[in-house]
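# What follows is a predicted structure for the sequence shown.
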Amino acid sequence: MSGRTVSAASGKGVGADAVAAKGWFGAHKWLLARRASQLAILALFLLGPLAGLWIVKGNLSYSLTLGVLPLADPYVMLQSLLAGHVPETLGLIGVAIVAVFYFLIGGRVFCAWVCPVNMLTDLAGWLRARLGIRGSAHIARQTRYWLLGMTLALAVATGTIVWELINPVSMLHRGLIFGLGTAWAVVLAVFLFDLFVMSRGWCGHLCPVGAFYGLLGKWSPLRVSATRRAACNDCMDCFEVCPEPQVIRPALKGEGKGVGPLILAPSCTNCGRCIDVCAKDVFNFGLRFNPPGNRAPAAPQGEDPAAGSN
Amino acid sequence: MSAEKTKPPPRSAAVSAQARRQFIFDSAKMACGVGMLGLGLGLYSKQSAALPPHALRPPGAGREGDFLGACIRCGMCVRDCPYDILELAKPETPVATGTPYFTARSGPCEMCDDIPCVKACPTGALDHGLTDINQARMGLAVLVDHETCLNFLGLRCDVCYRVCPVIDKAITLEVLPNSRTGRHSMFLPTVHSEHCTGCGKCEQSCVLEEAAIKVYPVALAKGALGRHYRIGWEEQKKAGGSLIDESKMLDLPDRLPEGMQLPGHYDPASGATAPPGALQSDLPPGLSSPSLPSSPPGFGGPSVPASPAGMPGATAGPVPSHPPGLGGGK
């Protein structure tokens, strides 16, 4: 993915091993699928205003597909509820569909597969590595949960949906569909913040939307699993590409401590970059309640010291 | 980074106390930082709730504070408006970001019978209880400028009246004599709040460069009587007769402001009626302008028995100066 960042194991660029082992396409298939998903969703929303083809109306806060399928953002609806307003029936159905969907496939799938800001912050992350920008402001990753709490508290305190006044996520998506105005400046600020101030700053540390979806999918069955963690050669490429690298370690290195291979942290976005970038095919998508290959019997070596040394 | 779960294994009391202190300090740091941001954001939200008067909400929107709590800024109303008058506020617009509004002067509400914008709303921001568009209260038209309104100048423009979808109810033309010419009438567009939906057609169609009639949020445009107020003639109508013993009623003499002369005005103090046209400076020759003793009425002049009924209009005075109060009037 990046030129300058060097893989610990091979001395080549991050992902070079995977490309060598699996081919370029094989080493980028989840990334390509993700971009396709993000762009396709955006295109569906844009078809109406740009081409007059109204498959989807609305935006990520609420949309109606083909006049029958309502989808609503549970986060903004929760704020509205806390502000003292109950949605109409279609809104409630939309919330239920979206909440169940992300509960099942992982809340932060929204971040990695849907959110338009992700493409920009990924670009900032890629450029940051490419340009060799080092040094990053330190803000704890749990800041986002505090911000999430603040937005909910403000909804209660003011009786209005305060966060939507400045939410860059909805601002960008709404702007692309309904007219951007100066929202470009807000989005550019997020991009530059990620590029120069703080690595993975917005999506990885601050965004309360992502924090909300993370909590929503905290118990989601679909997880990335370091199923073949015994094969890990410590190249560190997965840590390099992961937007939330702290989630990998327990699963990948926890065998000695009896920790299962599933990445259980709610901040994992199920983006699948670790699967792509691993030349040894350590990672795959798995189910939380899937006994074979998970939990205890993951590593055939069991307590073998060789496994611990990985 | 990974301070999310600071769960220290059993260690010495000093170490765990240290960790606890650190946890408290970290939490305090976070709470203060986020709290400051929240304070700023909360104050900004108060500012942004000040909707500028030219921005009107779609039909069915409640009070601005309620609207901002319910509207999730999805733009469904914008999409389903067949006339494309609605717009979602951009961050630089002085309307809360992402919320729908329209501007009467450039694109008023066409008042669709089926109100598609309300039906499209997935939240209660646009009240689904609104099924008759004539009951919508998007704002209230006000003829703000009496100096430039052509009808107030004595001309016949009437455009706001003609385009009003609730013509003759929401806007009527009230006929008054034109005291400037002394022989014409003025047809004054008059808005009635019990019928005006605030659609903005009048403002849009006002022929002036800057509209003399404008739609304002109801809260800005509408006065309110004290709740204890009772309007005499209406109470009288309701009761089917006077509520007081009129025989004992004392009618105080009327008074014009100092020095003012009103043609046809009956002055109880002098017992005289000012000739019509006395107000004009360019009086036709031959008409004298008798100065009416205006103060203190009822004292200087010969006492005139005040007969309340039919007094002001009796001498063909075009402008009744007698305020329609308890005893007189219609």
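All right, it came through fine.

# who's A:Gly286 bridged to?
A:Arg223 (DSSP bridges).

# My read is that it contacts A:Thr227, right?
Yes - with contact defined as Cβ atoms under 8 Å, A:Gly286 reaches A:Thr227; the gap is 6.3 Å. No exception for glycine: its C-beta is placed from N, CA and C like everyone else's.

# Quick one: residues contacting A:Trp54.
Residues near A:Trp54 by Cβ atoms under 8 Å, 6 or more residues apart in numbering or on different chains: A:Leu47, A:Gly48, B:Arg79.

# A:Asn284 too?
With Cβ under 8 Å, 6+ apart, A:Asn284 has these contacts: A:Val224, A:Ser225, A:Thr227, A:Arg228, A:Ile275.

# most neighbours, which of these?
Counting neighbours by other Cβ atoms under 10 Å in any protein chain shown, A:Val224 comes out on top of the contacts of A:Asn284 with 28 neighbours.

# That one and chain B: what is the separation?
18 Å (Cβ to the nearest Cβ, to the nearest Å).

# how close does that residue get to A:Asn284?
Distance, A:Val224 to A:Asn284, using Cβ to Cβ, to the nearest Å: 7 Å.

# Now do the shared contacts for these two.
Common neighbours of A:Val224 and A:Asn284 are listed as A:Ile275 (criterion: Cβ under 8 Å, 6+ apart).

# Top of the contacts of A:Trp54 by number of neighbours, please.
For the contacts of A:Trp54, the largest neighbour count, defined by other Cβ under 10 Å, is 22 neighbours, found at B:Arg79.

# from what I can see B:Gly107 touches B:Cys81, true?
No - using Cβ under 8 Å, B:Gly107 is not in contact with B:Cys81, being 9.5 Å away.

# In terms of packing, which of the two has more residues around it?
Set side by side, B:Gly107 and B:Cys81 show more neighbours around B:Cys81, with 21 against 16, by other Cβ under 10 Å.

# check contacts around that one.
B:Pro58, B:Pro116, B:Cys117 are the contacts of B:Cys81 under Cβ under 8 Å, 6+ apart.

# Among the residues you listed, the buried ones, what's the PyMOL command?
In PyMOL, a selection of the buried entries from these looks like this (16 or more other Cβ atoms under 10 Å in any protein chain shown):
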select buried, chain B and resi 58+117
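
# can you list the contacts of B:Cys81 in a markdown table and add secondary structure, distance to A:Ala33 and pLDDT?
Below are the contacts of B:Cys81 laid out as a markdown table (DSSP: H, G, I helix; E, B strand; the rest coil; distance: Cβ to Cβ, whole Å; pLDDT from 0 to 100):
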| residue | secondary structure | distance to A:Ala33 | pLDDT |
| --- | --- | --- | --- |
| B:Pro58 | coil | 39 | 95 |
| B:Pro116 | helix | 38 | 95 |
| B:Cys117 | helix | 38 | 95 |
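
# May I see the contacts of B:Cys81 arranged in JSON lines, with distance to A:Gly204 as well?
Output for the contacts of B:Cys81, formatted as JSON lines (distance: Cβ to Cβ, whole Å):
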{"residue": "B:Pro58", "distance to A:Gly204": "38"}
{"residue": "B:Pro116", "distance to A:Gly204": "42"}
{"residue": "B:Cys117", "distance to A:Gly204": "39"}
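
# where do the helices sit along the stretch 201-330 of chain B?
Along the stretch 201-330 of chain B, the segments classed as helices by DSSP state H, counting those that start in this stretch run B:201-205, B:218-221, B:232-239.

# what's the second one packed up against?
In other words, helix B:218-221. Judged by 3 or more Cβ pairs under 8 Å, 6 or more residues apart in numbering or on different chains; DSSP states H and E, helix B:218-221 is in contact with strand B:140-143.

# Follow the chain on from the strand it packs on and name the next helix or strand.
Sequence order places helix B:159-163 as the next helix or strand after strand B:140-143, per DSSP states H and E.

# buried sites along that following helix?
For helix B:159-163, a neighbour-count test (16+ other Cβ under 10 Å) marks B:Val159, B:Cys160, B:Tyr161, B:Val163 as buried.

# Does anything pack onto it? Which helices or strands?
Here helix B:159-163 touches strand B:171-178, helix B:201-205, going by 3+ Cβ pairs under 8 Å, 6+ apart.

# Buried deepest among these, which one?
Of the helices and strands packed on helix B:159-163, the one with the most neighbours on average (mean count of other Cβ atoms under 10 Å in any protein chain shown) is helix B:201-205, at a mean of 24.

# how distant is that one from the center of its chain?
Chain-centre distance of helix B:201-205: 16 Å, with Cα atoms, centre = their mean, to the nearest Å.

# What average pLDDT does that helix get?
Taken as a whole, helix B:201-205 has a mean pLDDT of 96.

# Flag the shaky bits of the chain, pLDDT-wise.
Picked chain A for this. Applying pLDDT under 70 to chain A flags the ranges A:1-12, A:290-310.

# not quite, I wanted chain B
For chain B, the stretches with pLDDT under 70 are B:1-11, B:254, B:267-330.

# give me the number of residues near the closest residue to chain A within it?
Going by Cβ to the nearest Cβ, chain A is nearest to B:Lys90 of chain B, at 2.6 Å. The number of residues packed near B:Lys90 is 18, by other Cβ under 10 Å.

# picking up where we left off before, what is the nearest of the buried residues of helix B:159-163 to A:Val68?
A:Val68 has its nearest neighbour among the buried residues of helix B:159-163 in B:Val163, at 38.3 Å by Cβ to Cβ.

# Assess the claim that that closest one and B:Cys206 are in contact.
No - in this structure B:Val163 lies outside contact range of B:Cys206 using Cβ under 8 Å: 9.3 Å.

# if we can go back for a sec, just give me the closest of the contacts of A:Trp54 to A:His173.
A:Gly48 (13.5 Å).

# who touches the closest one in this structure?
Contacts of A:Gly48 (Cβ under 8 Å, 6+ apart): A:Trp54, A:Ile55, A:Val56, A:Lys57, A:Ile177, B:Arg79.

# ok so, going back, what is in contact with B:Val163 and B:Cys206 at once?
Common neighbours of B:Val163 and B:Cys206, counting by Cβ under 8 Å, 6+ apart, are absent.

# Does the helix or strand hosting A:Arg34 reach chain B?
Using DSSP H and E, A:Arg34 sits within helix A:29-46. No - using Cβ under 8 Å from any Cβ of the partner chain, helix A:29-46 stays clear of chain B, with a minimum separation of 10.3 Å.

# Need the CA coordinates for that helix. PDB is fine.
Output of helix A:29-46 as PDB, limited to C-alpha atoms (Å, rounded to 0.1, in the frame of the first residue of the first chain):
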ATOM      1  CA  LYS A  29      -9.600  -7.800  -3.100                       C
ATOM      2  CA  TRP A  30     -11.200  -6.700   0.100                       C
ATOM      3  CA  LEU A  31     -10.000  -3.100  -0.400                       C
ATOM      4  CA  LEU A  32     -11.400  -3.200  -3.900                       C
ATOM      5  CA  ALA A  33     -14.700  -4.600  -2.700                       C
ATOM      6  CA  ARG A  34     -14.900  -2.000   0.000                       C
ATOM      7  CA  ARG A  35     -14.200   0.900  -2.500                       C
ATOM      8  CA  ALA A  36     -16.800  -0.600  -4.800                       C
ATOM      9  CA  SER A  37     -19.300  -0.700  -2.000                       C
ATOM     10  CA  GLN A  38     -18.600   2.800  -0.900                       C
ATOM     11  CA  LEU A  39     -18.800   4.200  -4.400                       C
ATOM     12  CA  ALA A  40     -21.800   2.100  -5.400                       C
ATOM     13  CA  ILE A  41     -23.800   3.300  -2.400                       C
ATOM     14  CA  LEU A  42     -22.800   6.900  -3.100                       C
ATOM     15  CA  ALA A  43     -23.700   6.400  -6.800                       C
ATOM     16  CA  LEU A  44     -27.100   5.000  -5.900                       C
ATOM     17  CA  PHE A  45     -27.800   8.200  -3.900                       C
ATOM     18  CA  LEU A  46     -26.500  10.400  -6.700                       C
END
